[in-house]
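Trainee: would you be able to build a 3D model of this:
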Amino acid sequence: QVQLVESGGASVQAGGSLTLSCAASGVPFNRACMGWFRQVPGKEREGVASSDSSDRTNYADSVKGRFTISKDKSSNELLLQMNSLKPEDTAVYYCAARRSCLSTYNFWGQGIQVTVSS
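Mentor: As a prediction, this is how the structure comes out:
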């Protein structure tokens, strides 16, 4: 059974940093295809960053150069390091995993709030 549990959400000032963590169980983490998404009330969920089975990464244009996605394979955690945070980064952030990098995301965490104040 796949389980994804996010942690690390908080309220921070603009310009600050935060690291989100997603503890993953039930997935073959060493070759997992995973990502981070975010959603603001009234808007569609958007992809933030992804890491494929070879650890290649991809980022939304809005976060390139500020966010870094990585896998801690010693603890089976997907991390999202967020620097130079902006008020527009405020959202509920979700961790997601999929059975194949060619498929849609099958598994989702419960989401965690990140609030950036100006």
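Trainee: who does the helix or strand containing Lys71 pair up with?
Mentor: Taking DSSP states H and E as the criterion, Lys71 maps to strand 67-72. Applying DSSP bridges, strand 67-72 is found paired with strand 77-82 (antiparallel).
Trainee: what ranges do the strands span in this protein?
Mentor: For the chain, the strands defined by DSSP state E occupy 3-7, 11-13, 18-25, 33-39, 46-51, 57-59, 67-72, 77-82, 91-98, 107-108, 112-117.
Trainee: quick one: distance of the strand holding Lys71 to the chain centre.
Mentor: Relative to its chain's centre, strand 67-72 lies at 8 Å (CA atoms, centre = their mean, to the nearest Å).
Trainee: can you list the buried residues in it?
Mentor: 67, 69, 71 (16 or more other CB atoms under 10 Å). The way it works is simple: take the backbone N, C-alpha and C, and place the C-beta from them, glycine included.
Trainee: state the distance from the residue most central in space within the chain to Arg98.
Mentor: What sits nearest the mean C-alpha location of the chain, by CA atoms, centre = their mean, is Trp36, with 2.6 Å. As judged by CB to CB, to the nearest Å, Trp36 and Arg98 stand 13 Å apart.
Trainee: low-confidence stretches in the protein?
Mentor: For the chain, applying pLDDT under 70 flags no range at all.
Trainee: and the closest residue to Leu85 other than its chain neighbours, what is it in contact with?
Mentor: With sequence-adjacent residues excluded and distances taken as CB to CB, 6 or more residues apart in numbering, Leu85 is closest to Val116, at 4.6 Å. Contacts for Val116 (CB atoms under 8 Å, 6 or more residues apart in numbering) come out as 11-14, 16, 85-90.
Trainee: closest to Gly42 out of those?
Mentor: Gly42 lies nearest to Thr90 out of the contacts of Val116, by CB to CB, at 12.9 Å.
Trainee: neighbours of that closest one, just the number please.
Mentor: By the criterion of other CB atoms under 10 Å, Thr90 has 18 neighbours.
Trainee: surely it meets Lys43?
Mentor: No: using CB atoms under 8 Å, Thr90 is not in contact with Lys43, being 11.5 Å away.
Trainee: what is the neighbour count of Arg31?
Mentor: Around Arg31 there are 11 residues (other CB under 10 Å).
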